[in-house]
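Q: A structural model of the following input is requested.
(chains A, B, C and D)
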There are 2 protein chains.
Amino acid sequence: MATIYQVSELAGVSLSTVSRVLNNNDYVSKKTKKKVMEAMQELGYQPSSIARSLASSRTSSVGILVSELDGPFFGQMMSAIEEQLRAAGKHVIITPGHSDETKEKNGFEFLISRNCDAIIAHVEAVSNEYLIELSQGKTPIYLMSRYVEEIKDNCISLDNVMGGYLATKTMITRGHKNIAYIAGPQFKIDASDRLKGHKQALSEFGIEFDENLFYIGDFKETGGNDGLKSFIDNKISFTALVCANDEMASGAMKYAREHGFNLPSDLAIIGYDNVIFTNYLYPTLTTINNPVPEMGKMAANLVLKDIYKHTGITINHIFQPNLILRDSTPSLK
Amino acid sequence: MATIYQVSELAGVSLSTVSRVLNNNDYVSKKTKKKVMEAMQELGYQPSSIARSLASSRTSSVGILVSELDGPFFGQMMSAIEEQLRAAGKHVIITPGHSDETKEKNGFEFLISRNCDAIIAHVEAVSNEYLIELSQGKTPIYLMSRYVEEIKDNCISLDNVMGGYLATKTMITRGHKNIAYIAGPQFKIDASDRLKGHKQALSEFGIEFDENLFYIGDFKETGGNDGLKSFIDNKISFTALVCANDEMASGAMKYAREHGFNLPSDLAIIGYDNVIFTNYLYPTLTTINNPVPEMGKMAANLVLKDIYKHTGITINHIFQPNLILRDSTPSLK
DNA sequence: TTGTAGGCGTTATCAT
DNA sequence: ATGATAACGCCTACAA
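A: Residues are numbered from 1 along each chain as shown, chains lettered A, B, ... in the order given. Have a look, this model is predicted:
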């Protein structure tokens, strides 16, 4: 491996000059720059990222902390972040937090110990206080899908209220009035925001919120199953079902079919998140899509701007979901 | 940040001694070791991974090159590898190759330039020759789901012949004799191996391979669609359909339903890969599962053993797929 | 068992 | 615009 020193010898200049061309420093004459470049070429010189890191206390790496390495949501997110960052010559160190407080903290510590220049995190178990305190440290933290007032400039979040509104409005504009709603665990902000949007849509169209058509599920298939079951057992009548995520919608669909419903004609169903399998369900599931890749890209851009001082970058801190219309939501006959 | 130097001062020993306890060197008396540990504790000392790397030319990082950051297969794989490696204090640098020759090569170069101690790669576009040559370099390369004779000790692969055999045998043992087969692109080893297994099962049970019940698809939904269409258009009779992957099976299912088939009673279908949506299809799809997490873990173990000299690790280079029985494959009436 | 000194490949601060 | 030289934080012979 050729070093900067050998390059300097071959080019007949000093170490510092070589370093300068390496870092695009302006104070180098075109002539010398050319000489140096040629020498580098000839030696097949590759700068050592490690030595650079040691000398500059920059690692050109950004840590990514996601709940799971697996799964479409995180997959898309990592993919977008990595792509954007790599185009800028940075690399990503990825580690999972498994939605567990201890593991998320470990993840942060791990990435910090690796001297990442910044951390982009999607965490749900640690408290806001922890995150605020962490932000005082020397490694900058950026948050995905989470809004913390005190560090809002480092947050990229989704407008879940808008999404919830969109889902219910979709049913309303298709003629439905009796709309059941299966919510997610209300301690999760996403879930309560989506519910807020649901209520907003109802009130906008003069429909009263009915506790009997409301169930709090667990964001898993069982939640959709149990929710629908409870509505049916209580003999409540409704023609549409809004689920706060796709898993629950899938569970509800299975339950509905097993109990004599003909889908989608007997019951319109909408999900949320646009996870990949929604397109494989029968009927295909109408759902709300999050602009996950765009968010990932934006997070990367935010880091590029803040940390690596790239210019000409415009930041958008909040993203709007959109409707994906499929077969599961016919108009009321 | 405290340095090794300050620790040595506080503990009243030399730099090297501190370094020794850091690296679990045997030649340190218990007493001094204790003193040093306490000093570290008191200063909240954290070794700098970068300085260590520079001095030892080890980065404690292993590169992972996968086709996509997104997707269940790679998700599971990365997850398993990361978990195993992190437990050993190593970290992973992940980058995608997008199944494109240039991008895969870029990925390798990128990881090599990052001084990874080793690279675990799942690549499909680069040639065997390239991989063999790369293996001559100073960064050890390990291959997932790919077998290259010349560097077989660095390969972890799947027994696709066995999987193909299993799929078809499943149909045969359920009484089917007229079994259609939609294969994957035959230049892909996985695809041709699966086909080989299919033929093996047929011959084992005295069923002749019928060109009319054979179609080469593209591993995507359209392939299943087109394959089934061609069988039907040709008025061939068959009661079972084996697809070389789940996407094609899904495409075939949609086409079948749209053309008057009642599933699963009119046609038994089996897929391959056990991707997540198979469980959401209607009917749920019987398929062949790859032990992806196990493979990932094994790859990590292989690196731990070869590169980081961990002991007591047993390596298994080839993994067997298994059958996931669901609703899409009833017995022939 | 412990200490000394040189080196790993750059960056950064001064001079010049 | 260019060059010396001291960090950066640790490892590793070699010496003691």
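Q: the strands in chain A, which residues?
A: Per DSSP state E, chain A carries strands over the ranges A:61-66, A:91-96, A:118-121, A:141-144, A:155-158, A:179-183, A:214-216, A:240-243, A:268-270, A:287-289, A:318-319, A:322-324.
Q: Just give the strands next to the first one in its sheet, each with its orientation.
A: If I follow you right, that is strand A:61-66. Paired strands of strand A:61-66, with direction, are strand A:91-96 (parallel), strand A:118-121 (parallel) (DSSP bridges).
Q: of those strands, which approaches residue A:79 most closely?
A: Residue A:79 sits nearest to strand A:91-96 of all the strands paired with strand A:61-66, at 10.4 Å, using CB to CB. For glycine as for every other residue, the C-beta is placed from the backbone atoms N, C-alpha and C.
Q: If you average the pLDDT over that closest one, what comes out?
A: Mean per-residue pLDDT for strand A:91-96: 90.
Q: Repeat that for stretch A:244-259.
A: Here the average pLDDT along stretch A:244-259 is 95.
Q: Can you tell me, leaving aside adjacent residues, what's nearest to residue A:294?
A: Closest residue in space to residue A:294, ignoring its immediate chain neighbours: residue A:319 at 6.3 Å, by CB to CB, 6 or more residues apart in numbering or on different chains.
Q: Oh, that last question was meant for residue A:257, not what I typed.
A: Using CB to CB, 6+ apart, the closest residue to residue A:257 is residue A:263 (6.0 Å).
Q: And for residue A:47?
A: residue A:22 (6.0 Å).
Q: What separation is there between that neighbour and residue A:35?
A: From residue A:22 over to residue A:35 the distance is 14 Å, taken as CB to CB, to the nearest Å.
Q: before we move on, back to that, would you check that the residue nearest to residue A:294 makes contact with residue A:293?
A: No - the pair residue A:319 and residue A:293 does not pass the contact test of CB atoms under 8 Å, sitting 10.5 Å apart.
Q: if we can go back for a sec, worst mean pLDDT among the strands of chain A?
A: The stretch with the lowest mean pLDDT among the strands of chain A is strand A:91-96, at a mean of 90.
Q: For chain A, which segments count as helices?
A: A:4-11, A:15-22, A:30-43, A:49-56, A:72-86, A:101-113, A:128-136, A:160-172, A:189-204, A:221-233, A:246-258, A:292-306 (DSSP state H).
Q: Need the ones you listed in JSON lines (columns: mean neighbour count).
A: JSON lines is the format used below for the helices of chain A (neighbours: other CB atoms under 10 Å in any protein chain shown):
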{"stretch": "helix A:4-11", "mean neighbour count": "18"}
{"stretch": "helix A:15-22", "mean neighbour count": "18"}
{"stretch": "helix A:30-43", "mean neighbour count": "15"}
{"stretch": "helix A:49-56", "mean neighbour count": "17"}
{"stretch": "helix A:72-86", "mean neighbour count": "22"}
{"stretch": "helix A:101-113", "mean neighbour count": "18"}
{"stretch": "helix A:128-136", "mean neighbour count": "14"}
{"stretch": "helix A:160-172", "mean neighbour count": "23"}
{"stretch": "helix A:189-204", "mean neighbour count": "20"}
{"stretch": "helix A:221-233", "mean neighbour count": "20"}
{"stretch": "helix A:246-258", "mean neighbour count": "23"}
{"stretch": "helix A:292-306", "mean neighbour count": "21"}
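Q: will you turn the ones you listed into TSV that also has distance to residue B:164?
A: Output for the helices of chain A, formatted as TSV (distance: least, CB to CB, whole Å):
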stretch	distance to residue B:164
helix A:4-11	54
helix A:15-22	53
helix A:30-43	50
helix A:49-56	44
helix A:72-86	28
helix A:101-113	39
helix A:128-136	50
helix A:160-172	43
helix A:189-204	43
helix A:221-233	31
helix A:246-258	30
helix A:292-306	35
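Q: And those helices: which comes nearest residue B:300?
A: The closest of those to residue B:300 is helix A:101-113. By CB to CB, the value is 16.1 Å.
Q: what are the C-alpha coordinates of that closest one, in PDB please?
A: Taking C-alpha atoms only, helix A:101-113 is exported to PDB below (Å, rounded to 0.1, in the frame of the first residue of the first chain):
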ATOM      1  CA  GLU A 101     -35.000   0.100  25.800                       C
ATOM      2  CA  THR A 102     -31.800  -1.600  26.900                       C
ATOM      3  CA  LYS A 103     -31.000  -2.800  23.400                       C
ATOM      4  CA  GLU A 104     -31.600   0.700  22.000                       C
ATOM      5  CA  LYS A 105     -29.300   2.200  24.600                       C
ATOM      6  CA  ASN A 106     -26.700  -0.400  23.800                       C
ATOM      7  CA  GLY A 107     -27.100   0.400  20.200                       C
ATOM      8  CA  PHE A 108     -26.400   4.100  20.800                       C
ATOM      9  CA  GLU A 109     -23.400   3.300  23.000                       C
ATOM     10  CA  PHE A 110     -22.100   0.900  20.400                       C
ATOM     11  CA  LEU A 111     -22.300   3.500  17.600                       C
ATOM     12  CA  ILE A 112     -20.900   6.200  19.700                       C
ATOM     13  CA  SER A 113     -18.000   4.000  20.700                       C
END
